[in-house]
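Dropping a prediction and its sequence here:
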Amino acid sequence: MSATTVTFTADEMMAVAASRLLRDGMVCFVGIGLPSQAANLALRTNAPELVLIYESGTIGAKPSQLPLSIGDGDLAETATAVVSVPEIFAYWLQAGRIDVGFLGAAQIDRYGNLNSTVIGDYEKPKVRLPGAGGAPEIATSAREVFVMLRQTPRTFVPELDFRTTLGRAVSTVVTDLGVLEPRGADRELTLTAVHPGIEPDAAREATGWKLRVADGLERTAPPTDAELTALRALTTRDDR
Amino acid sequence: MSATTVTFTADEMMAVAASRLLRDGMVCFVGIGLPSQAANLALRTNAPELVLIYESGTIGAKPSQLPLSIGDGDLAETATAVVSVPEIFAYWLQAGRIDVGFLGAAQIDRYGNLNSTVIGDYEKPKVRLPGAGGAPEIATSAREVFVMLRQTPRTFVPELDFRTTLGRAVSTVVTDLGVLEPRGADRELTLTAVHPGIEPDAAREATGWKLRVADGLERTAPPTDAELTALRALTTRDDR
Amino acid sequence: MAELVSLAEAVDELVHDGDAVALEGFTHLIPHAAGHELIRQRRRALTLVRMTPDIVYDQLIGMGCARKLVFSWGGNPGVGSLHRFRDAVESGWPVPLELEEHSHAGMAARYAAGAANLPFGVLRGYAGTELARQSGSIATITCPFTGEELAAVEALRPDVGIVHAQQADEAGNVQMWGITGVQKEAVLASRKAIVTVEEIVPELEPRPGGLVLPGWVVAAVCLAPGGAHPSYADGYHERDNAFYVEWDAISRERETFAAWMAQHVLGTADVAEYHASLGVAA
Amino acid sequence: MAELVSLAEAVDELVHDGDAVALEGFTHLIPHAAGHELIRQRRRALTLVRMTPDIVYDQLIGMGCARKLVFSWGGNPGVGSLHRFRDAVESGWPVPLELEEHSHAGMAARYAAGAANLPFGVLRGYAGTELARQSGSIATITCPFTGEELAAVEALRPDVGIVHAQQADEAGNVQMWGITGVQKEAVLASRKAIVTVEEIVPELEPRPGGLVLPGWVVAAVCLAPGGAHPSYADGYHERDNAFYVEWDAISRERETFAAWMAQHVLGTADVAEYHASLGVAA
């Protein structure tokens, strides 16, 4: 990292790497948190014509700052259309109009299956998590699914405590260490890129299963000045 | 009729008699034509708080003049709410929010079943009629159903050419001759009132089955001046 | 994103002989101009889908464009019969017309199912009506929780959905208001959608009762001011009530119908010429 | 017609111990004032229904009002966990909480089915999720036309639906705008509905994005300005983002939670006193 003129955090690299996956004109159903941050960054950098859909019913929102919730007033005011929650799920998501679903999770397994329900046993959980939200249907109705989460042995687990969401359509997982994509006949998540300054071993150690590393492992380009400036402007809310 | 100070037509008597069935606060799902005329008359006479619902999605319309279609602009402008056509049928009619459905038809049988589909055979009809519209579900989802049609042997038939709509919930049929209501264990439509100047025999002759006449047959009160004035104002559109 | 093209181009590119085509508009915003363009381009063997076939479908049917009609109420609202529809059903003129007949509630549920990418819709419907016997698209379904039996109807997925709206912006986003009927569902249930509009505006201003469709669910947006005539477009032009009455006489006989269509539709190039030929303001 | 009554009267008359109660509002227009009134009147053994239980349900759960939660996502939006919800599920404090857990799509379909008086809703959903195992309200259903298998979910029919809106008129007609979520369905699916509003106006003026509910589907309309706090009411008051962050600390421990509730909810008579106690503007 010493070669770069600006320094950046691992979370910033993760957000930037994720934002680069989104392309102009894509229709993206986005969850709050990391995915929303990355999608809003993309809107300000490489994908100004990205169509953001939030489960609150806002279609084509272009929020002026990073929304704190999926139902911020700014989302409705800047949207092309605002529809009801039943409609956004039935006529828009289920109807197959979404190019990419963008999800977070508490746990992921090697097939991209996600847990956002409980740590421990469902009936007697150690940690009760918020639950499924829109994820199960986003993951099966969107054409492809991007996942963002920080990579640790507690999040990248050999076996989920609970399978909230099917990983079948997951095409890319972006973490604070690198990028994973399904590879091979079994479509196991495989490390295909590492971020600047990260060695594959660090990713291996942060993974609860024996992580496969792709031939021709790539190295993520560091955030550009423009990306970092846009991201930092986005994450600095004055009303928080 | 010579005793009344104003004269009126049989159709006017029919409209007035039908309008009297509607009461303040009732929620009425109304078809175009005779039912709409009677309902709009009620709104101007005995039921100013009648809630009119048209299948175009207008809820609580108070049209300034008689609508020519179920989708006149005036209906939307004066409505409490305008909803989509799928919604009006699912969330309002099917949901059981309608007190009375108000229907017309080309044919009726002794059990109140209605035909608005064909005269003759369905596959090779003598007269192709407009068809069901909203009637089948209005007749089964509204708490009760009023029917209005002119009484002739061609409309009051022993057997329908086609059963478009179930008569089970029909509570009152208003014609140009009188009023019929289901009576007895078999709930056969029975003449319970005749309009001024009409004798039961005229109704019998206008009926394609052996018409039962109720004990204590009533005689409809003639239209009041107020009713006739309101009705005539309603049916005189300047843009027709 | 929707392309802004002429209606003639849109019909030429997007509607093919044999397609299932839904022109929707519930009394308000009926896409007459688009219907006329289908007639001018002599589309054939269409399956015409519409809850309330009225004058626009009487014209298409009388001109021999349709092989089949999927509908729930076919008449001239406030006037009476559709004579061309009747002639096709009763006498097979100019070509026989197959019917797939439903109730309004059933058609609405079919469009909603199509818009939601479900293979069927569920309703409390068709009880005691012989309609259920006439159509393979009505079945019964049992509630897995209560055991209750309900009606199931096959989803509608037209090849092309066509509606008329008040406004579009330059990105093809569309706004309509007033009675908007089943138009959202018709657009979203169809594989491709054409929207004719009264006006193209730089930016859509949200209106009370406004229904907005993003441009990316619409294949073509076509400027067609007055394109609903004789139906109306709230805020733009009134319903031509007299025309609905006149249509009864025009359409009653095959000859007067054909002459009228030759003069006002086949003999005109677009909606402006159609208006001019009738002497109505756009 | 809706009665215009105080919120205290409405809750007293319409909500009973053991009822299934749905408070809806999707980030926007969350009916906090009504939740507080349920707490003040010490309702018990409620089945609380809500797609996104957030602070309002954390408060109800922590105060022991709920026996069961029907939901799809329970968290403090943009902040993290709901500590009272977690404590109830993980430790049964103050009373055990039964869960009936769905996805958002499933909950939305359940409300829509309830609003439409259908016993079930159909969706392409619950594929590969273990949620389906946890709930008796999820089943499979076969399309009678295509043979395809889909998910069926049991309709929601709460005893009482409660929402917050911007305006009502004197006849109890209600208008809300902005993000209106699943509120129409929640009101129409419920046997009785209570609506709290920012303002009673002589006549509703239709607004862009306005959703109007006629007064005759609402049992009670209650004036509660600022009744969504800390959520927001578009056009009336902003979201109190800081409060969402503060809630994390307030609710983390049972003692601080109880003290806060005693001071700001049990110790206040209505929404005005609640605001005053917090020093926020209504």
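Cool, the structure landed.

hey, where'd the strands end up in chain A?
With strands called from DSSP state E, chain A shows them at A:27-30, A:51-54, A:58-59, A:81-82, A:100-103, A:107-108, A:114-115, A:118-120, A:125-128, A:144-148, A:170-174, A:178-183, A:188-194, A:212-219.

quick one, which of those strands is nearest to chain B?
Evaluated with CB to the nearest CB, the strands of chain A place strand A:81-82 nearest to chain B, the distance being 14.1 Å. Quick note: C-beta positions are derived from backbone N, CA and C, even for glycine.

residue in chain A nearest to chain D?
Counting by CB to the nearest CB, chain A gets nearest to chain D through A:G71 (2.4 Å).

And that residue, how far from D:L29?
To D:L29, A:G71 is 9 Å away according to CB to CB, to the nearest Å.

Apart from its chain neighbours, what residue comes closest to whichever residue of the stretch 151-282 of chain C sits closest to chain B?
Taking CB to the nearest CB, chain B has its nearest neighbour within the stretch 151-282 of chain C at C:V182, 4.3 Å off. Counting by CB to CB, 6 or more residues apart in numbering or on different chains, C:V182 lies nearest to B:V85, which is 4.3 Å off, once chain neighbours are set aside.

dump the residue contacts of A:N115.
A:N115 sits next to A:105-108, A:129, A:160-165 when contact means CB atoms under 8 Å, 6 or more residues apart in numbering or on different chains.

out of the residues you listed, who's near chain B?
Applying CB under 8 Å from any CB of the partner chain, the subset of the contacts of A:N115 adjacent to chain B is empty.

Of the residues you listed, keep whichever come out buried.
A:105-108, A:129, A:160-165 (16 or more other CB atoms under 10 Å in any protein chain shown).

that older thread, which of the strands of chain A sits closest to C:Y232?
C:Y232 sits nearest to strand A:81-82 of all the strands of chain A, at 23.8 Å, using CB to CB.

Determine whether any part of the closest one lies close to chain D.
Yes: counting by CB under 8 Å from any CB, contacts between strand A:81-82 and chain D involve A:V82.

Which element, helix or strand, includes the closest residue to A:G96 other than its chain neighbours?
Spatially, and ignoring its direct neighbours in sequence, A:G96 is nearest to C:N117 (5.5 Å; CB to CB, 6+ apart). For C:N117, there is no helix or strand it lies in under DSSP states H and E.

Which pLDDT value goes with the most centrally placed residue in chain A?
When CA atoms, centre = their mean is applied to chain A, the residue found nearest the centroid is A:M148 (3.3 Å). We have a pLDDT of 97 for A:M148.

and what of A:T4?
Note on A:T4: pLDDT of 49.

same check, this time on A:A47
On the pLDDT scale, A:A47 gets 96.

rewinding a little: show me the contacts for the residue nearest to A:G96.
Neighbour list for C:N117: A:94-96, D:124 [criterion: CB under 8 Å, 6+ apart].

Kindly report the same for C:V15.
C:21, C:38, C:41, C:43, C:46, C:159-160, C:194.

okay if I get those as a markdown table plus secondary structure and distance to C:D234?
Conversion of those to a markdown table gives the following (DSSP: H, G, I helix; E, B strand; the rest coil; distance: CB to CB, whole Å):
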| residue | secondary structure | distance to C:D234 |
| --- | --- | --- |
| C:V21 | strand | 24 |
| C:L38 | helix | 24 |
| C:Q41 | coil | 29 |
| C:R43 | coil | 29 |
| C:L46 | strand | 28 |
| C:D159 | coil | 29 |
| C:V160 | strand | 25 |
| C:I194 | strand | 20 |
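
Just the buried ones from those?
Among these, those classed as buried by 16+ other CB under 10 Å are C:21, C:38, C:43, C:46, C:159-160, C:194.

hang on, C:G161 is in a strand, isn't it?
Yes: the assignment for C:G161, made by DSSP: H, G, I helix; E, B strand; the rest coil, places it in a strand.

quick one: contacts for it?
C:21-22, C:24, C:186-190, C:192-194.

Can you give me the pLDDT of A:D72?
pLDDT at A:D72 comes out at 83.

and it, how far is that from A:V27?
For A:D72, the distance to A:V27 equals 20 Å [CB to CB].

Neighbour count: those two, which is higher?
Neighbours per residue (other CB atoms under 10 Å in any protein chain shown) separate A:D72 from A:V27, with A:D72 holding more: 27 against 20.

how near is A:A95 to chain C?
Taking CB to the nearest CB, to the nearest Å as the measure, A:A95 falls 4 Å from chain C.

Got phi/psi on that residue?
When read as degrees, to the nearest 10, the backbone of A:A95 gives phi -70, psi -10.

any idea of the pLDDT on the nearest residue to it once chain neighbours are set aside?
Excluding its sequence neighbours, the residue lying closest to A:A95 (CB to CB, 6+ apart) is C:N117, at 4.2 Å. At C:N117, the pLDDT value in this model is 98.

Now do the phi/psi pair for C:N117.
C:N117 adopts backbone torsions of phi 60, psi 40, taken as degrees, to the nearest 10.

Name the residues of the stretch 1-150 of chain C found near chain B, please.
C:26-28, C:51-52, C:71-75, C:77-78, C:81-82, C:85-86, C:89-90, C:101-106, C:108-109, C:111-112, C:123-131, C:134.

thinking again about what came up before, which residues are common contacts for A:G71 and D:L29?
Jointly contacting A:G71 and D:L29 under the rule CB under 8 Å, 6+ apart are D:179, D:181.

For chain C, tell me whether stretch A:162-177 is touching it.
No: Stretch A:162-177 stays clear of chain C (CB under 8 Å from any CB), getting no nearer than 15.6 Å.

which parts of that stretch are buried?
Buried, per 16+ other CB under 10 Å, within stretch A:162-177: A:162-167, A:169-177.

is chain D contacted by it?
Yes: in terms of CB under 8 Å from any CB, part of stretch A:162-177 sits within range of chain D, namely A:162-166, A:168.

out of these, who's nearest A:A17?
Nearest to A:A17 among the residues of stretch A:162-177 next to chain D is A:T165, at 21.5 Å by CB to CB.

Give me the helix or strand of chain C that scores worst on average pLDDT.
The weakest-scoring helix or strand in chain C, judged by mean pLDDT, DSSP states H and E, is helix C:131-134 (a mean of 85).

ok, which residues in the stretch 151-282 of chain C are in contact with chain D?
C:152, C:154, C:206-210.

Same list, those residues, but as CSV with pLDDT and distance to chain B please.
CSV is the format used below for these (pLDDT from 0 to 100; distance: CB to the nearest CB, whole Å):
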residue, pLDDT, distance to chain B
C:A152, 98, 14
C:E154, 98, 16
C:P206, 95, 16
C:R207, 96, 12
C:P208, 96, 9
C:G209, 95, 6
C:G210, 97, 11
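
Which ones among the residues you listed lie within helices?
If you go by DSSP state H, these have nothing in helices.

now, the most widely separated pair of the contacts of C:V15?
C:Q41 and C:D159 (15.2 Å).

Next one: the residue nearest to A:G96 from D:Q134, what distance?
Distance from C:N117 to D:Q134, by CB to CB: 26 Å.
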